[in-house]
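Engineer: How does the following fold in three dimensions:
(2 chains)
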2 protein chains.
Amino acid sequence: MTVPVPGGTLGVVGGGQLGRMLAEAASPLGVDVVVLDPTPDCPAVPPAADQIVGEFDDPDGVAALAARADALTFEIELADPNLLERVGDDADVPVHPAPETLRTIQDKLVQNRALDDAGVPVPAFRQVDDADDLQAAFDDLGSPLMAKARTGGYDGRGNAPVESVADARETFGDISGLVAEELVDFERELSVIVANGADETATFPVAENVHEDEILRESVVPARTTDEVRERATAVATDVLSILDGRGVFGVELFETDGRVLVNEIAPRPHNSGHYTIEGCHISQFEQHVRAVCGLPLGDTALRAPTVMANILGDPDAETRPATLEGVPSALRDRHVSLHWYGKREVRPLRKMGHVTVVADEHGDNSRADGDNRSDGDDRGELLVRARAARDALAFADSPSDQ
Amino acid sequence: MTVPVPGGTLGVVGGGQLGRMLAEAASPLGVDVVVLDPTPDCPAVPPAADQIVGEFDDPDGVAALAARADALTFEIELADPNLLERVGDDADVPVHPAPETLRTIQDKLVQNRALDDAGVPVPAFRQVDDADDLQAAFDDLGSPLMAKARTGGYDGRGNAPVESVADARETFGDISGLVAEELVDFERELSVIVANGADETATFPVAENVHEDEILRESVVPARTTDEVRERATAVATDVLSILDGRGVFGVELFETDGRVLVNEIAPRPHNSGHYTIEGCHISQFEQHVRAVCGLPLGDTALRAPTVMANILGDPDAETRPATLEGVPSALRDRHVSLHWYGKREVRPLRKMGHVTVVADEHGDNSRADGDNRSDGDDRGELLVRARAARDALAFADSPSDQ
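Structural biologist: Numbers count the residues shown, from 1 in each chain, chains lettered A, B, ... in the order given. The predicted model follows:
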């Protein structure tokens, strides 16, 4: 079952920045996006056709969404797969990716087992339901190890390295319902956005990701590693698709360690580390998701030029306050910088508020505003410097009176 | 005076496809677009923040728009410059481009004189207020000549070649208020999108335009002419900015004839022949317009790869009916094709309903779905064939029951 394009409507559970960028990408195709989100006037609202105000797991809200949509999708992995499945069946509206896929991904133990069974390399892991399990995991996997809550976590939340049972108790409170993984001493964190279309798959270029405090700061594309590792990462990410049902894009986070590539996490939706595709690739991860869910042919994922993305985050130490961003004219003085603002009303510590992207010139001229156009061997290092400079030119006003 | 970005609101007179694509481009910058348009649910509505329903020259409508906006602009040259000037002054909201520029462009005689006075090459022209003037024009400029209504025309409407006074009377009825121009035996029609920023200007690459029945069918970029002609076209278009006040982008249509470049028309807004910039250039003409009007730095206009745009028009002979587009999956089978749909409810003969764009691969692989990736000397000819094939794969259903 496909969505009429143009003229169709996509119902999206969640109306944050991913919903916003989905709506931006859907508009040129003539596809209306309606989002379900509990926050009135959520980030997706300006470009989306409409919002239904309701919790992600509100049966009436999801049913109202389905009633207006030709297909349902979600931009948060906290969506309720059982509810989506039931409402989709009742309303005869397809749900993509499949609720079953969401179920697999929502439980990190199930996810790891499915990957392992499919021959996809993952860190060594153990199910942990009590202190004995955890101690056995320390004995097997060494210490420290990475403890993850099986459910409820995303974007690194619910994950923590622990050194002992006592440490885990302090961090998690209850130590049942955990997965213990070997702590991978990785050289790089990589990611690949993959897409399941109607009868084809597609793989975006490999991104190298810089995290700090479990939050993505920058993505550098192509990843600064060997061709061999990039090929392996692409192959591993493609293999991940074998455990995922239904159409759409997925973010596959990977560790590179000693030339090996291991799967760390899967997001059943467009992913922060794929924002670079908007300017960097022929098709963005957002248009690719819309095309996939609608049953249209996928677009070309090839990188058009080296690209770096940097997240705009709330100051870690500043208090929550209305979001007034300053410095945009300075940030855009580099003529290859693009700004993406998520429209969040309030800035909070480390909240994702927007991002900037810098794309290299296809013709070797990196078009720096300062006239320094040299293109040396490590142009991605230079792009990273420029992306950080643009991001660092931005600041949040202390209070609305500073405007 | 500048617009706060993010967080500002742009008021746009007109909510057609140009308003729609302005809204799509404004969203990532965190700029809300509110449009004034007489048609409820006009094309710009889905991506725009809001619409005020009202005629373009309705004083209350324009005042209501100004009351919500940090700056005013227009996407149709039929906007009323006096009204915009008065409302802008009353509400203390800047209007870009300047109403004076709109006045100049709305009168083709004033426009030609201003260009001529500034040393910008235009076809030889004469003011025509009566039959004697027209006969004198035939004597001076030869026959046939191009007669243009001084005011009220756009996109080639109000222009017609005429061979005699009687012919002109038949075509225009009243022959006062005309401009007579030498009929230029051009080799190519070219165009350049130029931008006036806060303290800088920018010029997009030169497009080669294919017209039929005065309606743009395709744009090929870079124009398939000599480097010298492209440089001249760029220089002429840049000179045009000298007669235009206020910030924003302008479409400059040109004739190439015997190595000369003459200005044919100026549009005080984004232009159909600049749609290729969305995929073809680092910044689109729409984001450039938003940046210019908001007082932000301009982006890089460099072409990322050769690009061809083809308009999707209503069948010339079919009757007006609800617009149901078929064939999108076929059109998108070429992985480098992008679709832009304008959301018009009704298809009418030769109405602009959308466009498709094909971009060459930066790396020489044109990524044809059929696997034929040869890249010969005339890749733009091949891109044009592909753009036409994608467009021709699309068709409008005869009636809603065909859906």
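Engineer: contacts, neighbours, all on C-alpha from now
Structural biologist: Will do.
Engineer: Show the pLDDT at whichever residue of the stretch 51-200 of chain A sits closest to chain B.
Structural biologist: Using Cα to the nearest Cα, the single residue of the stretch 51-200 of chain A nearest to chain B is A:Ala198, 11.1 Å away. On pLDDT, A:Ala198 comes in at 94.
Engineer: Below-threshold pLDDT in chain A: ranges please.
Structural biologist: For chain A, applying pLDDT under 70 flags the ranges A:1, A:154-157, A:364-378, A:400-403.
Engineer: can you count the residues close to the residue in the stretch 151-300 of chain A that chain B sits nearest to?
Structural biologist: Taking Cα to the nearest Cα, chain B has its nearest neighbour within the stretch 151-300 of chain A at A:Gly299, 4.7 Å off. A:Gly299 has 23 neighbours, counted by other Cα atoms under 10 Å in any protein chain shown.
Engineer: OK, contacts around A:Phe138?
Structural biologist: A:144-145, A:164 (Cα atoms under 8 Å, 6 or more residues apart in numbering or on different chains).
Engineer: And A:Leu262, how close does it get to A:Asp50?
Structural biologist: Distance from A:Leu262 to A:Asp50, counting by Cα to Cα, to the nearest Å: 40 Å.
Engineer: Between these two, tell me which one has more neighbours.
Structural biologist: Neighbour totals were compared for A:Leu262 and A:Asp50, and A:Leu262 leads with 24 against 17 (other Cα under 10 Å).
Engineer: Go ahead and confirm the more buried one touches A:Pro121.
Structural biologist: Yes. Using Cα atoms under 8 Å, A:Leu262 is in contact with A:Pro121, at 5.1 Å.
Engineer: Up against chain B, what does the stretch 151-300 of chain A have?
Structural biologist: A:279, A:282, A:296-300 (Cα under 8 Å from any Cα of the partner chain).
Engineer: In helices, which of those appear?
Structural biologist: Counted as lying in helices by DSSP state H, out of these, are A:Glu279.
Engineer: And the helices in chain A?
Structural biologist: Listed in chain order, the helices of chain A (DSSP H) span A:17-26, A:59-68, A:81-91, A:99-106, A:108-117, A:131-141, A:165-172, A:227-240, A:277-280, A:285-294, A:328-331, A:379-392.
Engineer: Can you list the buried residues in the third one?
Structural biologist: Buried residues in helix A:81-91, counted by 16 or more other Cα atoms under 10 Å in any protein chain shown: A:81, A:83-85, A:87-88.
Engineer: returning to what we had before: among the contacts of A:Phe138, who's most crowded?
Structural biologist: With neighbours taken as other Cα under 10 Å, the top of those is A:Leu145, carrying 22 neighbours.
Engineer: Now for that one: which residues touch it?
Structural biologist: Shown in contact with A:Leu145 (Cα under 8 Å, 6+ apart): A:138, A:161-163, A:180-183.
Engineer: just to revisit the earlier point, apart from its chain neighbours, what residue comes closest to the residue of the stretch 51-200 of chain A closest to chain B?
Structural biologist: Spatially, and ignoring its direct neighbours in sequence, A:Ala198 is nearest to A:Gly295 (5.3 Å; Cα to Cα, 6 or more residues apart in numbering or on different chains).
Engineer: burial of the one you found, as a residue count?
Structural biologist: Using other Cα under 10 Å, A:Gly295 has 21 neighbouring residues.
Engineer: ok, it - contacts?
Structural biologist: Applying Cα under 8 Å, 6+ apart to A:Gly295 gives the contacts A:1-3, A:197-198, A:247.
Engineer: ok, back up a step: shared neighbours of A:Leu262 and A:Pro121, anything?
Structural biologist: When Cα under 8 Å, 6+ apart defines a contact, the residues bordering A:Leu262 and A:Pro121 alike are A:Val236.
Engineer: Look up how far A:Ala292 lies from the residue of the stretch 51-200 of chain A closest to chain B.
Structural biologist: Counting by Cα to Cα - A:Ala198 and A:Ala292 are separated by 7 Å.
Engineer: Give me the contact list for stretch A:225-234.
Structural biologist: The contact list for stretch A:225-234, computed with Cα under 8 Å, 6+ apart, reads A:190-192, A:203, A:205-206, A:223, A:254, A:256, A:259-261.
Engineer: Distance from the chain centre to it, please.
Structural biologist: Mean C-alpha position of stretch A:225-234 versus that of the full chain (Cα atoms, centre = their mean, to the nearest Å) differs by 20 Å.
Engineer: which of the residues in it are buried?
Structural biologist: Neighbour counts using 16+ other Cα under 10 Å place A:229-230, A:232-234 of stretch A:225-234 among the buried residues.
Engineer: Just flag the most distant two among those.
Structural biologist: Using Cα to Cα, the two most remote members of these are A:Val229 and A:Thr234, lying 8.5 Å apart.
Engineer: Can you tell me the number of residues neighbouring the closest residue to A:Lys352 other than its chain neighbours?
Structural biologist: With sequence-adjacent residues excluded and distances taken as Cα to Cα, 6+ apart, A:Lys352 is closest to A:Leu313, at 4.7 Å. A count of neighbours around A:Leu313, defined by other Cα under 10 Å, yields 21.
Engineer: residues touching A:Leu313, list them.
Structural biologist: Going by Cα under 8 Å, 6+ apart, A:Leu313 touches A:349-354.
Engineer: how close does it get to chain B?
Structural biologist: Using Cα to the nearest Cα, to the nearest Å, one obtains 15 Å as the distance from A:Leu313 to chain B.
Engineer: got the contacts of stretch A:225-234 as JSON lines, with neighbour count and distance to B:Arg380 columns?
Structural biologist: Putting those into JSON lines (neighbours: other Cα atoms under 10 Å in any protein chain shown; distance: Cα to Cα, whole Å) gives the following:
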{"residue": "A:Leu190", "neighbour count": "31", "distance to B:Arg380": "37"}
{"residue": "A:Ser191", "neighbour count": "32", "distance to B:Arg380": "35"}
{"residue": "A:Val192", "neighbour count": "27", "distance to B:Arg380": "32"}
{"residue": "A:Thr203", "neighbour count": "19", "distance to B:Arg380": "27"}
{"residue": "A:Pro205", "neighbour count": "23", "distance to B:Arg380": "27"}
{"residue": "A:Val206", "neighbour count": "29", "distance to B:Arg380": "30"}
{"residue": "A:Ala223", "neighbour count": "23", "distance to B:Arg380": "32"}
{"residue": "A:Leu254", "neighbour count": "28", "distance to B:Arg380": "40"}
{"residue": "A:Glu256", "neighbour count": "23", "distance to B:Arg380": "41"}
{"residue": "A:Gly259", "neighbour count": "14", "distance to B:Arg380": "42"}
{"residue": "A:Arg260", "neighbour count": "14", "distance to B:Arg380": "43"}
{"residue": "A:Val261", "neighbour count": "26", "distance to B:Arg380": "41"}
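Engineer: Understood, closing this out.
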